[in-house]
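Enquirer: Build the 3D model from these lines:
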Amino acid sequence: MVIVSLYKPHSIGFGIQGKNILLEDNTVYNEDDCLMLGPPSYNIHVRNSYCNGGHGLSIGPFGKGGSVDIQNVLYVDRILGKSIPLTVP
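Expert: This next block holds a predicted model:
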C-alpha cells in the first residue's frame, strides 16, 4: 500500500491501536508520524516498509504483555522533531 498526503500533509500514515496486527510492504510520504502506535496495543508487527518525510515513529504506552516488532523499516528525509518517543506504563 502507498500513502501520499498531498492535500493534508499533516496526516498520520498509519495510526494503529489493537492487537495481533501485521503491517507489511507499505510506503508512506507525509509530514507527520509515519506510524503511530497507541494504547491499547498488543503484538504489533511492522516490516518491510518505507517512510519519507514526517516525524518517524511514535510508540506507547502499552498494556501488560504487549509487544512491538519492527523490522526493515527505512525512514528517509525525516523532519526534525520527535523520533521514537517511548512511554512505558
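
Enquirer: Not counting residues beside it along the chain, what's closest to residue 43?
Expert: Nearest residue to residue 43 in three dimensions, chain neighbours excluded: residue 20, at 4.9 Å (CB to CB, 6 or more residues apart in numbering). Just so you know, the C-beta spots here come from the backbone N, C-alpha and C atoms, and that holds for glycine as well.

Enquirer: what's the pLDDT at the one you found?
Expert: Residue 20 carries a pLDDT score of 92 in this model.

Enquirer: Do I have it right that it meets residue 41?
Expert: No - using CB atoms under 8 Å, residue 20 is not in contact with residue 41; the gap is 10.2 Å.

Enquirer: mind saving the C-alpha coords of stretch 12-19 as PDB?
Expert: What follows is stretch 12-19, C-alpha atoms only, in PDB (Å, rounded to 0.1, in the frame of the first residue of the first chain):
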ATOM      1  CA  ILE A  12      -0.600  10.300  10.100                       C
ATOM      2  CA  GLY A  13       0.400   7.500   7.700                       C
ATOM      3  CA  PHE A  14      -0.800   4.600   9.900                       C
ATOM      4  CA  GLY A  15      -2.500   5.100  13.300                       C
ATOM      5  CA  ILE A  16      -2.600   1.700  15.000                       C
ATOM      6  CA  GLN A  17      -4.500   0.600  18.100                       C
ATOM      7  CA  GLY A  18      -5.400  -3.000  18.700                       C
ATOM      8  CA  LYS A  19      -3.900  -6.400  18.900                       C
END
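
Enquirer: Could you give me the buried positions within that stretch?
Expert: 12-14, 16 (16 or more other CB atoms under 10 Å).

Enquirer: Out of the residues you listed, name the ones that lie in strands.
Expert: Secondary structure from DSSP state E places 14, 16 of the buried residues of stretch 12-19 in strands.

Enquirer: With distance to residue 29 as added columns, please give the buried residues of stretch 12-19 in a markdown table.
Expert: Below are these laid out as a markdown table (distance: CB to CB, whole Å):
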| residue | distance to residue 29 |
| --- | --- |
| 12 | 13 |
| 13 | 8 |
| 14 | 13 |
| 16 | 18 |
